[in-house]
Each structure stands twice: as C-alpha cells, then as structure tokens.
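Asker: The sequence and its predicted three-dimensional model are supplied below.
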Amino acid sequence: MAPKLADYKTDVHNDWCPGCGDFGIVNALQMALAEMGIERDKATIFSGIGCSGKTSHFINTYGVHTLHGRVLTFAQGGKLANPDMTVVAVGGDGDGLGIGAGHFVAAGRRNIDMTYIIFDNGVYGLTKGQASPTLKLGEQTKSLPSPNTNSNVNPIGLAVASGFTFVARGYSYDVRHLKDLIVQAINHKGLAFLDVLQPCPTYNDVNTRDWYTGADLANDSMERHSRIYKLEDTNYDPTVNYAGEVEVNEKLSQALIKSLEWGEKIPTGVFYQNKLVSPFSTRITDKIPNYLENPPAKQVISDTGLPNTDISKILDSLNV
Amino acid sequence: MSTDFTWLIGGPQGSGVESGANIFSKVCAQMGYQIFGKREFYSNIKGEHSYFTVRVSDENIRSNVNAVNLMVSFDAETIFRHFDEIVSDGGIIYDSELEDIDTDRVRTLDAPFKERLHKFLESKNKPFTIAGVLEAAKDNGVKLYPVSFKTLLTELSEELDNPRMRGLVRMYNVLGVSLSLGLINMPSTSLVDSIDDIFSKKPKIADMNKKAAIFSYNYASNNFENFNHTLTGTEKQSDTILVQGHFGTSLGKMVSGCRFQSYYPITPASDESVYLESNEILEIENNRPGSTIVIQTEDEISAIGMMIGAALTGTRSSTSTSGPGFALMTEALGWAGINEVPVVITLYQRSGPSTGLPTRHGQDDLLFTVFAGCGDFPKIVYASGDIEESFYDTGNCFNYSDKYQIPVIHMMDKFLSSSVVTCKKFNPKKISIDRGKLLDTVEGEYKRFAFTDDGISPRSKLGMDNGVFWNTGDESDEYGHITEDPQIRIKMMDKRMSRLDLVLTSIPTIEQAISFEVHDYTIISWGSTKGPILDAQAMLKKEGIDIGFVQIKLLHPFPTEYVASLLKDAKVLINIEANHSGQFGKIFKQNITREIDYHILKYTGRGMTSTEIYDSLKKIVENKAEKREILSHGA
C-alpha cells in the first residue's frame, strides 16, 4: 500500500516556537515524500544542529541528526555507500553557510545526487538570536547589541558558483510551492540546493512574515504588495538547455544576477538547473562500472565468517 | 659467519633515492636476505636531503642499527651528513667531482649542523670540504671509492652510441645502486631482474636502466678493490614478501571488507588511501564483483563525517590520518561514540605538536588519542608493533568495532609507514569477519538503542526494510530520539560505557598484550618500538643478559589486570617510547599503581635503532643509567 502523508509524521513532540517558519518546511518535506511515494525505509533525512536540526526527528523515515556544520559530510557518505536511498540534508543558514561553508562548496564540486535544504532565517535561534551568515550588513535584529558588522553570504550565488546543478528558493509560508520545489529537487539527478526563507518569529524582527508579505509596502488602498514572487510567473528560464559554454555561462550569470535581487522584490522558484553535468555516481561508474548495482552497502564481504576478498595476485607480486 | 650489513644511499629529495633503495632492497631480498629499510626525508618536494638505510641479514632482523657498512652518494650533502656513520672497514662510494665542494656551497646545510661539523673538522685539522670529511673517514679506517658519475655516463653513452644518455643525471641513482652491488659481489642477474620488475610497465626505461646498471656494476667489479664485505646470496626463506609500511593496513582493509574510505591528504597517512584507490576494484571469490570507494574530502572533518555516514549504511568504513587531522576529527568521534557507530580510524602518528616535524617519526599522540573527544564515551585504542602485525590487527579492529559498536583507533606511525621490510607472506584466511549484531532483516517494532543484557543493541542500517531508526548527537531514547530525562540518561550512559568492561573480558588476552619473556629487568612498550626492542633483547641475550619485554597492544580500555599479572615477576620496569613525556608510562601508572624505574625516550623525530636501545639497556643493567635515557641517533 502506498504510504500516506500521515505515515511520514512521528509522534515526537515538536518544540519549535509557535509561528515558526520551520513548520512549513517540515510539512512540505513530508508532503513531497508522500506525493513521490518514497518508502519510509528508503529515505534518510540528515540534519545539522540548531532548531532545524530537529527536523529529522519529526519525519518518520531514517533520520540522522548530525553535528553543527557537518550535515553534508554525513549525508554524502551515506549516499555514496548506499546510492539507492533518497537523501535529503537539512540545516540552518549558520550551519551550512557559516561553520559548514567549506563543505557546502566542496559538495557542489562533487554533484552527488541528493537534496540540501537550508532553513534561512538570518539568526542563530537556538543560541538566542546572534547574527547568522545571511543577515545583511547593518541590520539589527532583536537580540543584537549593535547592528550587524558583517556582510551577508548570498546562498543562491554561492551554490551556483560552487557547482550545484539545481538551485532554487522557497518561502516557508507557501507550503504548496515549497513542496513542488522539493519534489523537483529530489527528482533532479545531481546535487540540488533549496534556500528556504523562513522567518524566525522570536529573534528576527526585521525579516518577519509581515515584512516578506509586504505589510510595510501597503499603499493607500491598504492593498498588500508581497515582496515574494515566483520566477515561473515571469519569462525566466533557469534551465541549461544544451551543452556549450555560451549557454551555460548565460544561465549561470543570469542566476547570479537574479540572486542579487532583494528588497522590494524577492524571487522564489528555480534559479538554475543543469542536467548536463555528470552526477558523481557516473564519475564513479566510469572507474568502477558495477558501482550502482554493487555499492558498498550491498557488497557481501564474507562467507561463513571468513573473508572472500582475494588478494593473492597482489601478494604474489610482493613475493621475493 | 652471518651477514649483517647496512647500506645507505642519500641525495636530494626528488633524485631517485627511494627508487634506488627499492632496487637494492629487492635485489637483496631476491637473493634470500632479510631486509629492514627505512626512509628519512624533509617536508619538501625537491632539493632537501633524504636518505635510505637498508639493513641486510641472513637472520631475522626487525630494526636498523647505528653502524653503516657502505654508503653511496651522488651529492655532497649526503657525505657531509653521514660520513661519520660509516664503520671502520666500511666504504664510501662517491662522486669524485664533488671533492672540492666546501660546506658553504651546500645551501641546504643548516647553520647548527654546519657549526657542529666545522668544530669536528677543526679538531681533526681538516678543511671544510668533501675531501676533508673523506680524509677524516679514511683516518677512521673507511675505504674510499671515488668515481666520476659524469665520466661514467659519458663512457656509457659512447659505448651504447646514445648521446642522450650523457646528461641523464636522473640515472645517478641506478648507477649508485649498481656500483654498490658490484662492490659487494651481489650476482648481477638479480639486479637485472629487479629493474625489469620495477619498470615492468616501461620497457624502454627498463632497458636503458639495465644497460646503465650492468655498465656501472662491471665498473665497480673491475676497479674497486679491497672491500671486506661480500653478499653473494643466502638460502631463500619460503613465503617471504617485501612490503612497504602502509601495505599491512591497506591490504588488511581490503581483506576485512572495508568498502568505504574517506581521507584528506596528510603525511604519513595518505599512502594508504592512495594505495586503496589504486586497487579500488577488488577480486572476490567466485567471480563476484567488489570494490572500495575511496573519497578524497575537503578536510578531515568531512573525512570522518563521510565515513560515519557510510558506516550507518552497514558498510565497513574507515579513514586514515595523522595527528593534526585526527585533532580535527574529535568532535565527530564523539558522535560515533554516542551513536554506537562502528568505524576504524587508522592513525599514522608523526612528530607533533601542531605541524611539528611533519615527515618525521613520533609516538606522541597516545594520550591525546585515549582522551580524544568531548564527554564520556567508549572507544578502543589499539597499536600495532610492526607491518606484518598491522595486517592482522586491521582485521581485529574492524571486528572490535562491529562487535562492540564502538569507534576503534588503530595506532600506526611514521617509523612503520616509511619502512620497507621482508616478512612472512600475509595469510588472509587468518583474518575472520565478525559483524556482531548487524541485522539483515527486522520484524516488528525496531529500537536502534534497545536496552539489552550485554549493553549492545541489534543494529539496523540506513535503507534496510523496516529498520527505520534515528540518530542524534544529543542524548537519546531507545529509538534514537532526543531526550533529557535524567533516568534514561543514566541508563544510556551505563549502556554505552559498559562495553569497556566487555572489551576487556571478551578480547582474547593474546590480542591485548604479548609477553616476550619476563625477567628481573623487563621492558614495557607499545607500537613500532617492538622491532628495535626485540633486536636489542636478542643482542643482550647473546651476551648472557636476559631482559624481558611486554608489548601492550590494547591501550584503551587498559588491560590492567592482565598486564599486571604478566609483570608480577619483573623487578625493574623500563618504559620505551618515542615521545618526550613518557605518555605510555603515564597511562601505565594511572592503571597499574606501580612505579616505572627507567624511561628510554626519543623525540628527535627519527626512529629508534636497536643499537641505541641496546646501549641504554646495558647502562641500566650496569646501574649507570639516568632515570630518563634520551636517545638521539640519526641525521
């Protein structure tokens, strides 16, 4: 029987703050898994540290709650050893773009077939609201003693520059749209990145839900002008349609330019997708042709307690 | 009379010292001799001084000695640095073009060394030149064999009518090796065979080298005289292989079923990973497919993270690193501890602290390793004493990690990694594979961290049918979900830590520590000191002096009762290790409330020779030793 949405929920008490943007992300992720009919025991959610790190405990698949900044390392190891699994890594923006930024860049270079979702809220919530890597220079959220002295990282731009082959942005209060993006990300054969704008109602009093939906931009008629808009509603084409430097460069630079849009207009949707870059598994099968049928996790290493690996040729070559 | 002969080749890094030594070692091994070779080098790609000593014997040898019988050099620095190691009636083959070179010409001679050398030469009334140091050696009974390498090449190119050979200085190493073999009368057929072997994939280069080899071999036979050492071959031991330092753990990993290795480049550990990747496609019995996935990561944190991720899928997984890399891994090590993940970290120690002496030997990561990671969690720290042992120990380490669901740190070091030795052919069938409570199927409700009688829960793996579980670096309940409940905390902590006792009661004592006799004077030690200690012990035995030796392999948890029982008849304890503070001694005293009488320590970054250990032991027995005997041999 195909799994239902309820099958992907655990009964672990969710202790996120009321109104937290994280709820929308966990819901969208469960919806995506259900819609795709991925069996519970064929998916692993890897998570980092912080509020977002608890995500794996709320989803009823394999769940690996790792270390601060290191989620991509664990997730890639798991996927490489068992490529049959669907792997989704999740974590905060401090986790992935601060302490874990080196892994973020390196993961892009590998293009392993998995999805990475950053819960992007501009603050370190669980440690009481310090500035995180996506908070803009000069902004002062609630618990900062003085305005932020660092410039922000551009997650979409960094992903594009690092080699991620699917780069998109979602908004945590638009759950259906986010679910669609997650489905596309999981279906993408390569490393997919999703930057999810996720207001922290407790510590980020700058980029609030009202701010994203443009309450401050309301005109005389009190009509709201949401900052959030969808790229797919415009004539933006994120896809690299054919191999060739001109096409690739054009789509890369277009994504980079689009990623800089912020303020009164904030794009969501797919910024960039390139299906023509080989996923890492192909790079392995070029060397080890049967890797996908016979990955590390599926190999039988012993018969009745004795090793079955035959190194006699190597040993013979060492004979004197 | 038995043969015990040490040959030294030196030259600038990148000049083929290592491949020269490999040819020499191979020839001697093929002629039936036992080999113990060791490479010393700077942290440098080209130009700094590197050298290789190869000890050759018809008896079982496990170490280097101080004395060098024959040195060959094609550069000046080797002569300046090593002329005083050649024993009386030994020889030096050198490039006669170098005679006029003075110490200032050799830019890589550092000031403190030059100062010591000048002082020595002044005292002997010799000039600060190659001619000067050679005279000093000659005064000491050393025989000199000058030859112009340039002329040799010129004559060779004329004979072969190949003008290109005239300037091929990169063949100096082969010339040096062949001159040496000619001088000691080693049959030239073995030289040709070895070159064929080593250059088997490059027949053209093999051909050129063979011609050069025979030419210089004959030159030495016809022109060099009066050398008292000949090595004409001895009876070949059956089932002998010639191995490099990392072969034990690399081949051990393949046989043990390690199918995932992640690593970040670091000396002296990366050779193992590169070797595993070079042999990534494995042969499995009955023509089944097999392979090892080897991933070079962006740093050591990623290496351990990937290894743990792979291990969670049920794959035997490993990483290999050295001290600085292991320092970066300690946070994730604790994660593997609290999540009961079986992993093996092969730790090739070098000399610290920090970058320390990055290409030199040390055993100074023991205390750090035993205490690595924040919080209380169980781990095993296990040390191999030689290359042959490291093959079988690798199999044991994987079994320990699977059976006790615990991270295992397998201690190796630079002394082992840069050795080339003959040893008994590894027997893969002596390795067993025990995956402990790893599941293949799950029925009904599954709890990854279920409380059990022995503290070890049946283990599912990521992607297995019905085996869903959770992991977290937080304290967790039986499912793996976060908890801060004080009562569960006690039970979980007790569950994890209880396996330290289980390790001590269930690992066979022969795998915990080995007694090589116990006498009034008994050595305690760990790791790569084993070889030189055994050789020193044998030297003393020949003189009628009995010294005991207990090698401790399981360093954490410490086998207190077993080691104490082994040592009950020992009256004087001598601790030997390659670090400053006697780290093993501290662990020993912490567990066995017994004073250590003497420490023999070395922290120059160079491995111990059996000669040094012999000398110190003799002083101890004669009651002339300091409480801390500090060794310093080696350039």
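Answerer: Alright, I've got the coordinates.

Asker: Just give me the neighbour total for B:Lys568.
Answerer: The local packing of B:Lys568 (other Cβ atoms under 10 Å in any protein chain shown) involves 7 other residues. C-betas here are computed from N, CA, C, even on glycine.

Asker: what's the answer for B:Glu484, then?
Answerer: The number of residues packed near B:Glu484 is 8, by other Cβ under 10 Å.

Asker: Poorly predicted segments of the stretch 201-320 of chain A, please.
Answerer: Residues of the stretch 201-320 of chain A meeting the criterion pLDDT under 70: A:219-224.

Asker: hmm, 80 instead?
Answerer: For the stretch 201-320 of chain A, residues meeting the criterion pLDDT under 80 lie at A:218-224.

Asker: And B:Leu70, which helix or strand is it part of?
Answerer: Per DSSP states H and E: B:Leu70 is located in strand B:68-73.

Asker: Averaged pLDDT, that strand. What do you get?
Answerer: For strand B:68-73, the mean per-residue pLDDT is 97.

Asker: Show the subsequent helix or strand relative to that strand.
Answerer: Downstream of strand B:68-73, the first helix or strand assigned by DSSP H and E is helix B:76-82.

Asker: Run me through the strand neighbours of the strand holding B:Leu70, direction for each.
Answerer: In the sheet, strand B:68-73 lines up against strand B:4-12 (parallel), strand B:86-95 (parallel) (DSSP bridges).

Asker: Single out the most deeply packed of those.
Answerer: For the strands paired with strand B:68-73, the largest average neighbour count (mean count of other Cβ atoms under 10 Å in any protein chain shown) is found in strand B:4-12, namely a mean of 23.

Asker: how about the CA coordinates for it, as CSV?
Answerer: This file holds the C-alpha atoms of strand B:4-12, laid out as CSV (Å, rounded to 0.1, in the frame of the first residue of the first chain):
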residue,chain,number,x,y,z
ASP,B,4,74.7,-8.1,8.9
PHE,B,5,75.3,-5.4,6.5
THR,B,6,73.9,-1.8,6.3
TRP,B,7,73.9,0.2,3.1
LEU,B,8,73.0,3.9,2.9
ILE,B,9,72.0,5.9,-0.1
GLY,B,10,71.4,9.6,0.1
GLY,B,11,70.7,12.5,-2.2
PRO,B,12,68.5,15.5,-2.7
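
Asker: Show the subsequent helix or strand relative to it.
Answerer: For strand B:4-12, the following helix or strand on the C-terminal side (DSSP H and E) is helix B:17-30.

Asker: From B:Asn185, how far out is B:Leu117?
Answerer: With distances taken as Cβ to Cβ, to the nearest Å, B:Leu117 is found 33 Å from B:Asn185.

Asker: Compare the two (neighbour count), which wins?
Answerer: The residue with more neighbours, out of B:Leu117 and B:Asn185, is B:Leu117; 19 against 15, by other Cβ under 10 Å.

Asker: beta partners for A:Asp303?
Answerer: The partner residues for A:Asp303, given DSSP bridges, come to A:Leu306.

Asker: re earlier: name the surrounding residues that touch the strand holding B:Leu70.
Answerer: B:5-11, B:53, B:78-79, B:82-83, B:85-87, B:90-95, B:176-177, B:179-180, B:183-184, B:227, B:229 (Cβ atoms under 8 Å, 6 or more residues apart in numbering or on different chains).

Asker: ok, back up a step: now the strands paired with strand B:68-73 in a markdown table, with mean pLDDT?
Answerer: A markdown table is the format used below for these (pLDDT from 0 to 100):
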| stretch | mean pLDDT |
| --- | --- |
| strand B:4-12 | 97 |
| strand B:86-95 | 97 |
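
Asker: closest one to A:Tyr124 among the ones you listed?
Answerer: A:Tyr124 sits nearest to strand B:4-12 of all these, at 52.2 Å, using Cβ to Cβ.

Asker: between the closest one and helix B:17-30, what angle do the directions make?
Answerer: Orientation of strand B:4-12 against helix B:17-30 (axes from the mean of the first three to the mean of the last three Cα atoms, to 10 degrees) gives an angle of 160 degrees.

Asker: quick one: strands adjacent to the strand or helix carrying A:Ala192?
Answerer: Following DSSP H and E, one finds A:Ala192 within strand A:191-197. Paired with strand A:191-197 in the same sheet, following DSSP bridges, are strand A:114-120 (parallel), strand A:166-171 (parallel).

Asker: Now do the following helix or strand past the first one: distance to the chain's middle.
Answerer: It refers to strand A:114-120. Following strand A:114-120 in sequence order, the next helix or strand is strand A:123-124 (DSSP H and E). From the chain centre to the centre of strand A:123-124 is a distance of 18 Å (Cα atoms, centre = their mean, to the nearest Å).

Asker: neighbouring strands for strand A:123-124, and are they parallel or not?
Answerer: Strand A:123-124 is paired, per DSSP bridges, with strand A:130-131 (antiparallel).

Asker: Average pLDDT for the partner strand, rounded please.
Answerer: Strand A:130-131 shows a mean pLDDT of 96.

Asker: ok, and what's touching that strand?
Answerer: Strand A:130-131 has contacts (Cβ under 8 Å, 6+ apart) with A:Gly122, A:Val123, A:Tyr124, A:Glu139, A:Thr141, A:Ser143, A:Leu144, A:Asn148, A:Asn150.

Asker: The strands paired with strand A:191-197 into JSON lines, with extra columns for mean pLDDT?
Answerer: Formatted as JSON lines, the strands paired with strand A:191-197 follow (pLDDT from 0 to 100):
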{"stretch": "strand A:114-120", "mean pLDDT": "98"}
{"stretch": "strand A:166-171", "mean pLDDT": "98"}
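
Asker: Pull stretch B:429-437 out as CSV, backbone CA atoms only.
Answerer: Extracted C-alpha coordinates of stretch B:429-437, given in CSV (Å, rounded to 0.1, in the frame of the first residue of the first chain):
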residue,chain,number,x,y,z
LYS,B,429,42.5,-16.8,6.0
LYS,B,430,43.8,-15.9,9.4
ILE,B,431,41.5,-12.9,9.4
SER,B,432,38.0,-13.6,10.5
ILE,B,433,34.9,-11.4,9.9
ASP,B,434,32.5,-10.9,12.8
ARG,B,435,29.9,-8.2,12.2
GLY,B,436,28.4,-8.6,15.7
LYS,B,437,24.7,-7.7,16.0
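
Asker: from what I can see A:Gly24 touches A:Arg176, true?
Answerer: No: if you go by Cβ atoms under 8 Å, A:Gly24 and A:Arg176 don't touch, sitting 10.0 Å apart.

Asker: Counting neighbours around each, name which of these two comes out higher.
Answerer: A:Gly24 (21 against 10).

Asker: doesn't that one fall inside a helix?
Answerer: Yes: the assignment for A:Gly24 is a helix, going by DSSP: H, G, I helix; E, B strand; the rest coil.

Asker: if I look at it, how far off is A:Tyr171?
Answerer: Look at A:Gly24 and A:Tyr171: by Cβ to Cβ, they are 8 Å apart.

Asker: what touches both of the two?
Answerer: Common contacts of A:Gly24 and A:Tyr171 (Cβ under 8 Å, 6+ apart): A:Leu178.

Asker: what's the burial count for residue 66?
Answerer: Answering for chain A, as no chain was given. Residues lying near A:Thr66 (other Cβ under 10 Å) number 29.

Asker: was after chain B, sorry
Answerer: Neighbourhood size, B:Asn66 [other Cβ under 10 Å]: 16.

Asker: ranges for the helices of the stretch 51-200 of chain A?
Answerer: Counting by DSSP state H, counting those that start in this stretch, the stretch 51-200 of chain A has helices at residues A:55-58, A:71-81, A:93-94, A:101-110, A:155-162, A:175-187.

Asker: can you put these in CSV and add mean pLDDT?
Answerer: As requested, the helices of the stretch 51-200 of chain A are arranged in CSV below (pLDDT from 0 to 100):
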stretch, mean pLDDT
helix A:55-58, 98
helix A:71-81, 98
helix A:93-94, 97
helix A:101-110, 98
helix A:155-162, 98
helix A:175-187, 98
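
Asker: Enumerate every residue touching residue 47.
Answerer: Using chain A. Taking Cβ under 8 Å, 6+ apart as the test, what A:Ser47 contacts is A:Gly53, A:Lys54, A:Thr55, A:Ser56, A:Gly63, A:Val64, A:His65, A:Thr66, A:Val71, A:Ala89, A:Val90, A:Gly91.

Asker: Please refer instead to chain B.
Answerer: Counted by Cβ under 8 Å, 6+ apart, B:Gly47 has contacts B:Pro12, B:Gln13, B:Gly14, B:Thr108.
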